[in-house]
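# Just the structure for this:
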Amino acid sequence: MTARNHSRFARQALGGFTVVELLVVIGIIAILAALLIPAVQAARESARRLACLSNLRQIGIAVHSYATAYDGFPAQVQSYTVPMGTGSSTVFYPSPQLALLPFIEQQPLFHSINFRISMYALEDLNGSNLTAASTSIPVFLCPSDPLTVSGPRASNSYRANVGPCAGCPQGYQGAFYPADIETSADFPDGLSNTISFSEKAVGSLVSYSPSRDWADIGMNVWWSADQWLAACSNLGEPIRGRLNSGRTWMIAGGAFTFFYTATGPNSPVPDCGSRLLEGGYGALAARGYHPGGVVALMADGSARWFSSSIDLRTWRALSTRNGGEVVP
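Below you'll find the predicted structure:
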């Protein structure tokens, strides 16, 4: 056997790849990875959406447990004055989420809250209630939203439906009524046709984002849903961005624990409103971190998926408990 033949047989025995073969294998792996990664991400998002639906169902059970104990849904807000020793007084605005704490296995947290401290702005939570306000409640957090970390207070992903607008003819037709409980008899449209909670992405905390934050219009006005829609569609400069959206579950208001249906879910129209009593009101839409829509809880306790393309009239009709609309 010649040296040349021996060299060829040696290479064949080693079974190595040529550069071209190696590049082909790398290319195939890259193609498979490109196909697999989106599928894995989609599967993870599907699991997160199911977890989000599960959270809403647990909130629905809590709402109905509250209704059994107190003969109705929790009030939208229970504003009341607490007399102080010096003769002064303070006002407290607890949210529906706070009222539900004993029914989501958070009784110790509920009893740790000092109800004699003024509470309608985030700054009010810096005192003796800071520990409670900093406690994250898993049922109140959507796993799809990466910004629900405490900063420094615990966040809230699920907002109570208070109707299309505030201080307007439809302002008191939501699932939750100010300073009073609502019974099933107060839902002539039907519990299954009325939204009680929806998800909403929390504020960015760092820089203004139209999909997360809201713009302060700089004045207190009581507008209809269509007027708010028009105002937010034509925001002027500069944008007074409020980055505190959903940054507590304790205080009632559109900034933290309510949403309105003046605009549709994930609306391209940015949120805007008024800072009245800091809690805020206006066109503060349901907004999720799931592609294409939001998950929402109906007043009967069922959780559903709503597309971002839902007709606005239908969406508004679903936010009223006694509007008399025919919902397709």
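
# check contacts around residue 173.
163, 164, 319, 320, 321, 322, 323 (Cβ atoms under 8 Å, 6 or more residues apart in numbering). Yep, even glycine has a C-beta here, placed from its N, CA and C like the rest.

# secondary structure class for it?
Put simply, residue 173 is coil when judged by DSSP: H, G, I helix; E, B strand; the rest coil.

# and the closest residue to it other than its chain neighbours, what helix or strand is that in?
Nearest non-adjacent residue to residue 173, counting by Cβ to Cβ, 6 or more residues apart in numbering: residue 320, 4.0 Å away. Counting by DSSP states H and E, no helix or strand carries residue 320.

# Low-confidence stretches in the stretch 51-200 of the chain?
79-91 (pLDDT under 70).

# how about the strands in it?
For the stretch 51-200 of the chain, strands defined by DSSP state E, counting those that start in this stretch occupy the ranges 80-83, 89-92, 158-161, 195-199.

# circling back: any idea how far the residue nearest to residue 173 is from residue 172?
10 Å (Cβ to Cβ, to the nearest Å).

# Would you mind telling me which of these two has more residues around it?
Set side by side, residue 320 and residue 172 show more neighbours around residue 320, with 24 against 18, by other Cβ atoms under 10 Å.

# The more buried one is in contact with residue 187, isn't it?
No. Using Cβ atoms under 8 Å, residue 320 is not in contact with residue 187, being 9.7 Å away.

# between the two, what contacts are shared?
residue 194.

# Show the contacting residues for residue 113.
Listed by Cβ under 8 Å, 6+ apart, the contact partners of residue 113 are 98, 129, 132, 250.

# Quickly list what's touching both of residue 320 and residue 172.
Common neighbours of residue 320 and residue 172 (Cβ under 8 Å, 6+ apart) are residue 163.

# Not including adjacent chain positions, what is the nearest residue to residue 280?
Counting by Cβ to Cβ, 6+ apart, residue 280 lies nearest to residue 255, which is 3.5 Å off, once chain neighbours are set aside.

# Tell me which residues touch that neighbour, please.
Applying Cβ under 8 Å, 6+ apart, one finds that residue 255 lies in contact with 214, 242, 244, 245, 246, 273, 275, 278, 279, 280, 284.

# For stretch 65-74, give me every contacting residue.
63, 96, 99-100, 103, 175-176, 181-184, 186, 196, 299.

# okay if I get the residues you listed as TSV plus distance to residue 205 and neighbour count?
Output for the contacts of stretch 65-74, formatted as TSV (distance: Cβ to Cβ, whole Å; neighbours: other Cβ atoms under 10 Å):
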residue	distance to residue 205	neighbour count
63	29	25
96	24	28
99	26	22
100	25	25
103	30	21
175	29	26
176	27	28
181	34	18
182	34	22
183	39	11
184	39	15
186	37	17
196	27	27
299	32	27
